[in-house]
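**Q** My questions concern the predicted model and sequence given below.
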Amino acid sequence: MDESEALIRLCGRALVAQMGDVPGVELHLSHNSVLGLTGEPLADFNMLTLGPDLDAEDFFVRSIARARARGLPLLATLSPQVAPAIAPVATALGLTYVGMAPLMVLRADTPLLRSPSTKVSRALGTQLVGIAGDLAAAAFDAPRDAIARCIDVGLTATSGVETYIAWDGDQPMSAVSVTPIGNTAGISLMATWPAQQRKGHGRSLLTQVMQDFRGRGVQRFYLSATEAGRPLYASLGFEVVADLSAWILSGRTP
């Protein structure tokens, strides 16, 4: 198994951890693929990660049928191992190609750049979980009630997903979620107040959090970036190991 395949499998396991506490979530798993449907009328809350499975096409077709039967939009990311074969199927099923999502990794031998120290706290408890949810809703322009149902609910001490908040004095500035599995951790939901973006808050938070996780034995970090976010992560030492193709299935609800 090459590194990209191993990381794609971890992406699926992280998706299960992130969605596991969502009330009414529907999860379907195969060896390297995961479908998670929260029921929200937003594609980012209904996700399919399709890895290099022998039955990848069958899993893909069944996943699209299930989302369509429920009238849900869906975001599907396809590994490069299966994308050439699945792309024509996706087109035939009415999905729209929306671009590439770089899968990036920061390895154990990559030094972390020094950044200004910042006050960081883990989002546990009603107040801090609410602040982290507010940051995510503002940064991603997502409905706050959807964030509460699908993200806030999973911010517990035992969920497997850890979310951290960076502060400037008494003001929360950024949040980031980490899903550690063994000696590897996934980075997701990097969120900063829109008015405070591009001022270094997210960079400082992520650097400090990764340093702390290295002290806990994590050797490797990975994330799925947007093309817009790719330069930031590259500047921190992340390298692209695969480009995942992203497709959208529209639902009945806009």
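**A** Received it, and whenever you're ready, just let me know what you need. Not measured: the values here are computed from a predicted model. Residues are numbered from 1 along each chain as shown.
**Q** Run through the chain and note the low-pLDDT ranges.
**A** Within the chain, the segments meeting pLDDT under 70 span 1, 252-254.
**Q** for it, what's the longest helix?
**A** In the chain, ranked by residue count with DSSP state H as the criterion, the top helix is helix 3-19.
**Q** Show me what that helix is packed against.
**A** strand 26-29, strand 34-37, strand 46-50, strand 96-106, strand 171-181, strand 184-192, strand 220-224, strand 239-249 (3 or more Cβ pairs under 8 Å, 6 or more residues apart in numbering; DSSP states H and E). Where you see a C-beta, it was placed from the backbone N, CA and C, and this is true even at glycine.
**Q** and for that helix, what are the contacting residues?
**A** Contacts of helix 3-19 with the rest of the structure, by Cβ atoms under 8 Å, 6 or more residues apart in numbering, involve 25, 27, 29, 31-34, 36, 38, 47, 49, 51-52, 77, 79-81, 103, 105, 150-151, 154, 159-161, 177, 179, 181, 184, 186, 188, 222, 224, 241-242, 244.
**Q** give me the beta-bridge partners of the spatially most central residue of the chain?
**A** Using Cα atoms, centre = their mean, the residue of the chain that lies closest to the mean C-alpha position is Ser188, 4.2 Å off. Beta-bridge partners of Ser188, counted by DSSP bridges, are Ser177.
**Q** can you pull the contacts of it?
**A** Ser188 neighbours (Cβ under 8 Å, 6+ apart): 14, 18, 176-179, 223-224.
**Q** could these go into TSV alongside distance to Ile165?
**A** Listed next are the contacts of Ser188 as TSV, based on distance: Cβ to Cβ, whole Å:
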residue	distance to Ile165
Ala14	20
Gln18	17
Val176	9
Ser177	11
Val178	12
Thr179	17
Leu223	18
Ser224	22
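**Q** Neighbour-wise, give me the winner out of the residues you listed.
**A** Highest neighbour count within the contacts of Ser188: Ala14, with 28 neighbours (other Cβ atoms under 10 Å).
**Q** count of neighbours near the nearest residue to Leu155 once chain neighbours are set aside?
**A** Leaving aside its sequence neighbours, Leu155 sits nearest to Val129 (Cβ to Cβ, 6 or more residues apart in numbering; 4.6 Å). Neighbouring residues of Val129 were enumerated by other Cβ under 10 Å; the total is 21.
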